[in-house]
Each structure stands twice: as structure tokens, then as C-alpha cells.
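Chemist: sharing a sequence plus its predicted fold:
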Protein chains: 2
Amino acid sequence: MSSSDFRPIEWSGDARSGTLRLLDQRLLPQAEVWLNYTGVEEVADAIRSMVVRGAPAIGITAAYGMVLAAINGEKRGLKPTALKQHLASAHSVLAATRPTAANLFWALQRCSNCIEDSPSAEMLLVLARSIHEDEVAANRRIGQFGAVRVQPGAGVLTHCNAGALATGGVGTAFAVLSEAHAQGKNIHVYVDETRPRLQGARLTAWELSRLKIPYTIICDGAAASLMAKRKIQLCVTGADRIARNGDTANKIGTYSVAVSAQHHQIPFYVAAPRSTFDVSIRDGADIPIEERAQSELINWGEEQVCPQGAAVYNPAFDVTPAPLIRGIFTEMGEISPVTEERICATLGK
Amino acid sequence: MSSSDFRPIEWSGDARSGTLRLLDQRLLPQAEVWLNYTGVEEVADAIRSMVVRGAPAIGITAAYGMVLAAINGEKRGLKPTALKQHLASAHSVLAATRPTAANLFWALQRCSNCIEDSPSAEMLLVLARSIHEDEVAANRRIGQFGAVRVQPGAGVLTHCNAGALATGGVGTAFAVLSEAHAQGKNIHVYVDETRPRLQGARLTAWELSRLKIPYTIICDGAAASLMAKRKIQLCVTGADRIARNGDTANKIGTYSVAVSAQHHQIPFYVAAPRSTFDVSIRDGADIPIEERAQSELINWGEEQVCPQGAAVYNPAFDVTPAPLIRGIFTEMGEISPVTEERICATLGK
């Protein structure tokens, strides 16, 4: 699995002068371009514009963003109280980038807790690195727990991208695919292209190509008909936020996959680290769903495909209710059935 | 409804020298360009490349294509036997363009029957015009029967384009929308953009804009979540071929809409003229499904979005089993429940 072990998020330097490097995911698979960040506003822009995306990756990026803010505050000679205010402001800037991914708020909260007594870039860098490494380790275990459920020769459908690009490690849903493949299970992956941003066609396909895992890209609307043809034996996706009862927000179209899977009696799984759970939220109805720019649907390359003045609704996520989810693969094991009781027990809440 | 009463297919001239004019639907909504056809090979190309698309419109176009073939044969002074051979060859060329739409084969069969005794361009033109006019009249009645099922204030989801552009008349599924709107039912239409060719975003939205019917474009993956939010009270689509038992082939993604509708207990309807029924086919498993070029998914405008060498599966249609269809709106009335018995009784077979 070594060729999957690349990192789309890199920290170079130390706690006095560091740079966050991000692989610009908007340009994949055509070009691999790395961008360098030394300021928190620019990091916020990178999250907002989807240079980096995927819930765990957003959390990791935000933590490094806090390190950059601390470095810049210390360079300006800010005293502890002023530095804390400066970091609180950085926290706000980063928290305002994208509303749905739990990992963003989870990582920022850990950063704020870390500097509650004495703010320092050094401590924040230790924390950011540990968040990053923890996610990498969590990914591997998620893959191992998930691969158990993949039958030899299975067709596996995934939606959007929950791979290395989305997580910093080997991925969540993608780790299940790569682990099952590495175990010689001879799987075939069906990749929803995932409108409107095409993360499936662009990113998941690119990651599958790197690992030489056999796959086929389909348009999102074709998934149900492939299920009817018995080409798909299991569905697995990542998650952006999981409520206490197991309702799961993920890329728009995920709910449609889950409904179709239930109709065809195909198990639908979610793969996510503990940082994606938000037990403060009772159920999916309370998960904030980001609406993105209408232009993501209106334009096709350089061309405007919708009529002038067309109304467009472009939610980035939908919510799959817990009863449609057979199990959630986490680094602590599989949560199944997906109930509040099992989730809280697994998370130790 | 006069502003919807445009025709994307026009015949100009007579049976000695005529031209088929087609609105190039590939360029909508950006540009309204008409193309002129005087040869059957060019007409076949127009169908294949989707200058004209939509099952009823393909049937009408093919009938006019046969007229052009007859005109050219007569111009070359072909005797009846040679002219029949010439027309049989034209029939084959047109039949080989697209495999799924029943209307294509239905129209061609009517043309062949018409000239069985004595082939003539004049008779074929009378037939083609009558096929065209019959479809226009059928569309109106389909709209009237369908509008009965639309509750005031309803959100109505449609997929792909089954409007004037697809039919030559006021449309099939679209006629239901336009008639309900004309009756003051205050509907709101949700339009699946319909990957990969975006006929929803490009064509249905354009037709809705012309009639000032309120609508919102969504990506295909968002339909299920809108159903969960109770924004949609009814779904209606067109059809490309309906088997004797009511199984219905339509644009890829239609089946996914029907499955989601059932999950949310929302009625899913099909609207189609009798020319779309193929009672020679027992059920949906026997409907030939066209696979189109991988490039429809691989490229995005000028850009290649999938990785080099990516495998793509691009079926143009899927099959919705009859039990998921609440009713079929035809020019003879609504067929409901959708059973072989009711279909054969309605069609008089």
C-alpha cells in the first residue's frame, strides 16, 4: 500500500518558521500542484475554495492554520493575552469556512483547549502533528475493520472521495477499498462521478489508478441500475458529520445511494474517524448543510449550460438517516447497529 | 400555452423537393441554430449525434428522413422495385442510429407498411406529416390527463427533457407541467440536471423559462434529499420504450428517481404516447439499452476530468419496473395500475 501513502497536507519547518503545503485538489487529476501557506487567512481561503476538502483533511488543515496564526502572532511579539485574542480570531476565521464537517470544529476546539493556559506555537504544532498522525493511524484501522465486510469478488460502490486526499492518511471509505484490494479480495470499485464537483471522477479515480485497483466511473444516476443488475454487493462512503443517533451528513447524493442500496438489499456502510462524530447534535435535522455557489451547476467548463436567470439549488451535503446505515467503520471498530447507545458506548461518551 | 407551441422539427417544401429543418439541441440554451437536411445519411447523423433527441422526436425525424430518401430516389428516376430497395436501405440506416427509443422503430415500420404496395415520396410525406400531427395532438391530451394528478402548490420533479424539444408537440412529461401551470395550479418544478448530457439543465430549464413556469435546477444526487424535505409531491418523466408489462426505459437516472419516490411514498408517473409502447417486448429485461461514448463522462468542456486510462460505463438509459410506476399518462387516458392487462386493453392489443 506504499504508493497510497502520500500526503496531500504537509508541514515543513518548525514552530518558529513553518509552511503548510497543500496539494491543490482542484487541479487533479490533470496537474499535481502544491501551494504554500504561511497565513491563516490564506488557509481559510484554501478550505473555502476546496484546494483541500474532505472532513478529516479540513480538520488537519485547520489545526496547522492555527499553528501559522500562532507563529505570526509570536513573530509580532504578542504577549500571552494578546496572542490568545489573536488565536481566538484565527479560530473564528477558520470556523467560518465551511459549516458541515464536524472535524473542522473538533480540531479547532482541541487547539483552543490546548492553549487555554499558555498559548504557544510550539504546543499547537505538537498538537497539529498529533491530530495529523492520529488520523493516519485511524485510517489504517478503519480500513482493516471495513475490509472484513467486503466479500471476495465484490463490486463496491463509493460516492465522492474519502481517500488520502480527503483525510491526510490512507482515507476512510477508500481505506476499506485499498485494504480489501491489498488482501487480494479481487474487488471492482464503481465510482459515482459525484456532481457537482466531480470528486469521484477526478479524485477517487485518480487514487484508485495509483493503486491499480480496478474501477469504473459512472454518472450518479447510474448507480441504482447497477444495483438492479447485481453488479454492486456493498456501498461505502465517508462522512462529514455524524449525529449522536448515527444520522450521517455526507456529500450530496449519498442519501440517494443509501436509499437505492436499501431497495436492493445491499449493505450501505459509512467509514469515519471519531473526529467526525458530533454527539452534541441529537440527529441529522440539526446538522448544518452548506449551500455552495450556483455557478457549480450553471457553468460547464467555460460554457454556461443553464438558461440565463435559471434558479439553482446546490446543497453540498445531504443526511442519511441511521436506519439506512448497516454499520459505521471507525478506528475503534464497527458500530452496528447504528444507534445512539452503540455510538456513545464506542466513543466513551 | 402559445409560447410553448414552437416546433423543433419542421418540414419545408413538398414531396418533390423538401428540406427537413432541425433545431440543433446540442447548442441550447446558448444559441438557437437551425440545420437543414436533404439526405437520409445526414438525418441519421443528426439522430446519432443528438441534434434531435427524445423518443417521439426521433420517430418523427426518422419518418421525414424516409421522405427525403424517397424524394432522392425519385429524383434519380428509380423504378418501384429499385425505389423499394432504396427505401429499405434508408430504413436500415435510420434504424441503426439509436437502439432504445421504441418510437424510432414504430415510425419506420409505419413508413415501410405505407409503401409496401407502391412506394412514393408523396405518400410518405402524408404519413410523416400525420405522425407529426398525431404526436402533437397526443401531447395535448397527455398533458390534460396528467394535470389531473397534480395537486395545487405541488413541487414536481422531472428528469431529463420530455418537452417540445423531445416530441415535436408540447411534450409528454412537460405537457403535464405546462398544463398544470396553465390551469393555475401554482406548481414549482424541480429539474434534475440529468448527467451526462444535461438535458434537464440545458433543455427542460430553457422550456420552463420560455413559459415562465417557476423551477429550480438541482444535481441528480439532490433529488432524494428534496423528497426527504417534502419539497416534492409528484414525479413525472417521459419514456423511451415501454414493455408490455409496463417496465419503462428512460434516461439514465430515472430508475433512481423512481426508487427514491417509492421510499418517500411520492407518486412516480410516466408520460408517453402510444408510439412509445412496444408490446412485442415482454418486460424491461428485453429492452436494448444504448451505451454511449465514454467521452460524455471523461471530458468537462475542454478539460479531461477523469484520469488517463479511466474505465467509464455510460449507459444512456435505465429501466424502471412497472411496480414503481403509479400510472402512465397516454393520449388514451391514464393507465393505472401499470399492468400488462391494462396496457393491452388501453392500446387495443
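Modeler: Here it is on my side, so go on.
Chemist: what residue in the stretch 101-250 of chain A comes nearest to chain B?
Modeler: A:Gly221 (2.4 Å; CB to the nearest CB). Any C-beta I mention is one placed from the backbone N, CA and C, and that applies to glycine too.
Chemist: I figured that residue hits B:Thr194, correct?
Modeler: Yes. Checked against CB atoms under 8 Å, the pair A:Gly221 and B:Thr194 is within contact range at 7.4 Å.
Chemist: higher neighbour count, those two?
Modeler: Neighbour tally, A:Gly221 and B:Thr194, criterion other CB atoms under 10 Å in any protein chain shown: the higher count belongs to A:Gly221, 32 against 27.
Chemist: residues near A:Ser112, how many?
Modeler: Each residue near A:Ser112 was counted by other CB under 10 Å, and the total is 15.
Chemist: got a list of what it touches?
Modeler: Residues in contact with A:Ser112 (CB atoms under 8 Å, 6 or more residues apart in numbering or on different chains) are A:Leu87, A:Ala88, A:His91.
Chemist: that older thread, give me the common contacts of A:Gly221 and B:Thr194.
Modeler: Among the neighbours of A:Gly221, those also in contact with B:Thr194 (CB under 8 Å, 6+ apart) are B:His159, B:Asp220, B:Lys251, B:Gly253.
Chemist: for the last one, which non-adjacent residue is spatially closest?
Modeler: The spatial neighbour of B:Gly253 that comes closest, neighbours along the chain excluded (CB to CB, 6 or more residues apart in numbering or on different chains), is A:Gly221 at 2.4 Å.
Chemist: can you pull the contacts of the one you found?
Modeler: A:Gly221 makes contact with B:His159, B:Asp192, B:Thr194, B:Arg195, B:Asp220, B:Lys251, B:Ile252, B:Gly253, B:Thr254, B:Ser256, B:Asp318, according to CB under 8 Å, 6+ apart.
Chemist: quick one: A:Tyr269 is in a strand?
Modeler: Yes. Under DSSP: H, G, I helix; E, B strand; the rest coil, A:Tyr269 falls within a strand.
Chemist: can you tell me how far it is from A:Gly246?
Modeler: According to CB to CB, to the nearest Å, A:Tyr269 and A:Gly246 sit 12 Å apart.
Chemist: need the residues touching each of these two.
Modeler: Taking CB under 8 Å, 6+ apart as the contact criterion, the residues that touch both A:Tyr269 and A:Gly246 are A:Ile325, A:Ile328.
Chemist: about what we covered before: just the contacts of A:Gly221 now: which is nearest chain A?
Modeler: B:Gly253 (2.4 Å).
Chemist: so what's the residue count around that closest one?
Modeler: B:Gly253: 30 neighbours (other CB under 10 Å).
Chemist: returning to what we had before: mind checking which of the contacts of A:Gly221 are buried?
Modeler: By the neighbour-count criterion of 16 or more other CB atoms under 10 Å in any protein chain shown, the contacts of A:Gly221 include these buried positions: B:His159, B:Asp192, B:Thr194, B:Arg195, B:Asp220, B:Lys251, B:Ile252, B:Gly253, B:Thr254, B:Ser256, B:Asp318.
Chemist: would you turn the shared contacts of A:Gly221 and B:Thr194 into JSON lines with secondary structure, distance to B:Asp286 and pLDDT?
Modeler: As requested, the shared contacts of A:Gly221 and B:Thr194 are arranged in JSON lines below (DSSP: H, G, I helix; E, B strand; the rest coil; distance: CB to CB, whole Å; pLDDT from 0 to 100):
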{"residue": "B:His159", "secondary structure": "coil", "distance to B:Asp286": "23", "pLDDT": "98"}
{"residue": "B:Asp220", "secondary structure": "helix", "distance to B:Asp286": "26", "pLDDT": "98"}
{"residue": "B:Lys251", "secondary structure": "strand", "distance to B:Asp286": "19", "pLDDT": "98"}
{"residue": "B:Gly253", "secondary structure": "coil", "distance to B:Asp286": "21", "pLDDT": "98"}
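Chemist: what two of those are the furthest from one another?
Modeler: With distances taken as CB to CB, the most widely separated pair in the shared contacts of A:Gly221 and B:Thr194 is B:Asp220 and B:Lys251, at 10.1 Å.
Chemist: mind listing the strands for the stretch 1-150 of chain A?
Modeler: For the stretch 1-150 of chain A, applying DSSP state E, counting those that start in this stretch gives strands covering A:9-13, A:18-23, A:34-37.
Chemist: other SSEs contacting the longest one?
Modeler: Same thing as strand A:18-23. strand A:9-13, strand A:34-37, helix A:55-75 (3 or more CB pairs under 8 Å, 6 or more residues apart in numbering or on different chains; DSSP states H and E).
Chemist: again, only this time at 10 Å
Modeler: Using 3 or more CB pairs under 10 Å, 6 or more residues apart in numbering or on different chains; DSSP states H and E as the contact criterion, the secondary-structure elements in contact with strand A:18-23 are strand A:9-13, strand A:34-37, helix A:40-48, helix A:55-75, helix A:121-147.
Chemist: and the angle for it with helix A:40-48?
Modeler: Between the direction of strand A:18-23 and that of helix A:40-48, the angle (axes from the mean of the first three to the mean of the last three CA atoms, to 10 degrees) works out to 20 degrees.
Chemist: average pLDDT for strand A:18-23, rounded please.
Modeler: Predicted confidence along strand A:18-23 averages 97 (mean pLDDT).
Chemist: so, low pLDDT: which residues of chain A?
Modeler: Counting by pLDDT under 70, chain A contains low-confidence residues at A:1-5.
Chemist: how about a cut-off of 80?
Modeler: A:1-6, A:301 (pLDDT under 80).
Chemist: in the sheet, who's paired with A:Lys251?
Modeler: A:Lys251 has the following beta-bridge partners by DSSP bridges: A:Phe317.
Chemist: show me the contacts for A:Lys75.
Modeler: When contacts are counted by CB atoms under 10 Å, 6 or more residues apart in numbering or on different chains, A:Lys75 touches A:Arg16, A:Ser17, A:Ala121.
Chemist: from the residues you listed, which would you call buried?
Modeler: Neighbour counting over the contacts of A:Lys75 (16+ other CB under 10 Å) leaves A:Ala121 as the buried ones.
Chemist: what would the contacts of A:Lys75 look like in a markdown table with distance to chain B?
Modeler: Putting the contacts of A:Lys75 into a markdown table (distance: CB to the nearest CB, whole Å) gives the following:
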| residue | distance to chain B |
| --- | --- |
| A:Arg16 | 40 |
| A:Ser17 | 36 |
| A:Ala121 | 38 |
